[in-house]
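In: missing the sequence, but the structure's below:
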């Protein structure tokens, strides 16, 4: 897993799961950012960041999917389309 995105059923909040490259070789950890994209090209509103072990992040991903969150394309950051 390098990066994955989920969005809630209301298309309001999203979560970005991405590797912590500094810890990946010795202790696989993932950052989970929660936020939402903003209109008119404004910077994203980031509400929280969690630093989880890979297995914990996997459990969170599966749990969110079971609650109706859907995979989506990147919504902010360098990979997002303007």
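Out: Noted; the coordinates are in hand. None of the values given here were measured: they were computed from a predicted structure. Numbers count the residues shown, from 1 in each chain.
In: Bridge partners for the residue nearest to the spatial centre of the chain, pull those for me.
Out: Centroid-nearest residue in the chain, with C-alpha atoms, centre = their mean: residue 16, separated by 1.0 Å. With DSSP bridges as the criterion, residue 16 is bridged to residue 5, residue 33.
In: For it, give its distance to residue 31.
Out: 8 Å (C-beta to C-beta, to the nearest Å). Where C-beta positions appear, they are placed from N, C-alpha and C, glycine not excepted.
In: Could you pull out the helices in this protein for me?
Out: Along the chain, counting by DSSP state H, helices occupy 54-66.
In: the strands in it, which residues?
Out: Remark: strands assigned in the chain by DSSP state E are 3-7, 14-19, 29-36, 45-53, 70-71.
In: now for those strands, which one comes closest to residue 77?
Out: Residue 77 sits nearest to strand 14-19 of all these, at 7.5 Å, using C-beta to C-beta.
In: quick one: low-confidence parts of this protein?
Out: Applying pLDDT under 70 to the chain flags residues 1, 78-82.
In: swap the cut-off to 90 and go again
Out: 1-2, 21, 23-26, 37-44, 76-82 (pLDDT under 90).
In: As a quick check, tell me the outermost residue of it.
Out: Note on the chain: the largest C-alpha distance from the chain mean falls to residue 26, namely 22.0 Å (C-alpha atoms, centre = their mean).
In: gap between that residue and residue 69?
Out: Counting by C-beta to C-beta, the gap from residue 26 to residue 69 is 30 Å.
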